[in-house]
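**Student:** could you look at this predicted model? Sequence included:
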Amino acid sequence: QVQLAESGGGLVQAGGSLRLSCAASGRTFSSYIMGWFRQRPGKEREFVGSITWSSGFTHLAVSMEGRFTISRDIFKNAVYLQMNSLKPGDTAIYYCAATLAGSAWDHGSWGQGTQVTVSS
């Protein structure tokens, strides 16, 4: 059973940076895609970006490009979301997800989320 645990959220001023971590366990993730999503207050969950575990190929939502980057450490079984130049609009609960390549995210596993609050 896949288990995901996010950490690294918190309160940061606008313009600041945070790095979120996602510790993954329970599987060998070579066939998985790992993703980050967020849910802003009053909004639906939205895709932030993903990384293919085996190749390291990343895909970011257009609105996140240039400020966010995703990486993974295959030895630590961890995925990271580096967020720079944060804006109040980035305030959200950020979730880590894992799904088999070719499968829908809703069929995958999700963490509990970590709160990110950006103050103006």
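**Tutor:** Cool, got the structure.

**Student:** please count neighbours and contacts with C-alpha atoms only from this point.
**Tutor:** OK.

**Student:** and the residue nearest the centre of the chain, how far from Ser120?
**Tutor:** Nearest residue to the geometric centre of the chain (C-alpha atoms, centre = their mean): Trp36, 2.6 Å. Trp36 sits 24 Å away from Ser120, taking C-alpha to C-alpha, to the nearest Å as the criterion.

**Student:** got it, and Ala5?
**Tutor:** To Ser120, Ala5 is 28 Å away according to C-alpha to C-alpha.

**Student:** those two: which is more packed in?
**Tutor:** More crowded of Ala5 and Ser120, by other C-alpha atoms under 10 Å: Ala5, with 18 against 11.

**Student:** can you give me the strands for this structure?
**Tutor:** 3-7, 10-13, 18-25, 32-39, 46-52, 58-60, 68-73, 78-83, 92-100, 109-110, 114-119 (DSSP state E).

**Student:** mean pLDDT added to those, as a markdown table?
**Tutor:** Shown next, in a markdown table, are the strands of the chain (pLDDT from 0 to 100):
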| stretch | mean pLDDT |
| --- | --- |
| strand 3-7 | 97 |
| strand 10-13 | 98 |
| strand 18-25 | 97 |
| strand 32-39 | 97 |
| strand 46-52 | 97 |
| strand 58-60 | 97 |
| strand 68-73 | 98 |
| strand 78-83 | 98 |
| strand 92-100 | 97 |
| strand 109-110 | 96 |
| strand 114-119 | 98 |
